[in-house]
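Undergrad: Whatever this is, show me its structure:
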Amino acid sequence: QVQLVQSGGGLVQSGGSLRLSCAVSGRTFGNYAMGWFRQAPGKERDFVATFSWSAGTTLYADSVKGRFTISRDNAKNTVYLQMNSLKPEDTAVYYCAVRDSGTYDAPLSYNYWGQGTQVTVSS
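TA: A predicted model of the protein is given here:
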């Protein structure tokens, strides 16, 4: 059974940093792609970043490029999202997810999801 368990998040002032973690179990680390999405109240779930082991690519939404970094620890089967220079518009529930195929920025392409973690950035 595939499980994604998220940790991190919280409340931070504008300009601050947070790191989100996503521990993956039930899948061989590296034979799938990981993605991060976020969803603000009343809005759709938006793509934030993705990393593909097979393709060796990392992609980011324009809104977070240069501020957010996706990384992984193979020994811990964990993927991270380092978020720097946070802005109030980054406030949302953040989700990690596993994708085997499909479009990298489409939520429907992702098979498994973490439970979500709240990130709140105050101005």
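Undergrad: Not counting its neighbours along the chain, what's nearest the spatially most central residue of the chain?
TA: In the chain, the residue lying closest to the centroid (Cα atoms, centre = their mean) is residue 36, at 2.3 Å. Leaving aside its sequence neighbours, residue 36 sits nearest to residue 48 (Cβ to Cβ, 6 or more residues apart in numbering; 4.3 Å). (Glycine included, C-beta is placed from N, CA and C.)
Undergrad: can you pull the pLDDT of that neighbour?
TA: You'll see residue 48 listed with a pLDDT of 98.
Undergrad: Could you look up the SS state of residue 95?
TA: strand (DSSP: H, G, I helix; E, B strand; the rest coil).
Undergrad: you'd agree it is up against residue 37?
TA: Yes - between residue 95 and residue 37 there is a contact at 4.8 Å, judged by Cβ atoms under 8 Å.
Undergrad: Just confirm the residue nearest to residue 36 contacts residue 81, I think it does.
TA: Yes - contact criterion Cβ under 8 Å: residue 48 and residue 81 qualify, at 7.2 Å.
Undergrad: got any residues that touch both of those two?
TA: The contact sets of residue 48 and residue 81 overlap at 36, 68, 94 (Cβ atoms under 8 Å, 6 or more residues apart in numbering).
Undergrad: what separates the closest residue to the second one other than its chain neighbours from residue 32, distance-wise?
TA: Nearest residue to residue 68, sequence neighbours excluded (Cβ to Cβ, 6+ apart): residue 83, at 5.1 Å. The gap separating residue 83 from residue 32 is 23 Å, by Cβ to Cβ, to the nearest Å.
Undergrad: Compare those two and say which one has the larger neighbour count.
TA: It is residue 83, of residue 83 and residue 32, that has more neighbours when counted by other Cβ atoms under 10 Å, with 26 against 21.
Undergrad: ok, the more buried one - contacts?
TA: Counted by Cβ under 8 Å, 6+ apart, residue 83 has contacts 17-20, 64, 67-68, 90, 119.
Undergrad: And for residue 8, nearest residue in space, chain neighbours not counted?
TA: Once flanking residues are discounted, residue 8 sits nearest to residue 20: 4.1 Å by Cβ to Cβ, 6+ apart.
Undergrad: neighbours around the one you found, how many?
TA: Neighbours of residue 20 using other Cβ under 10 Å come to 25.
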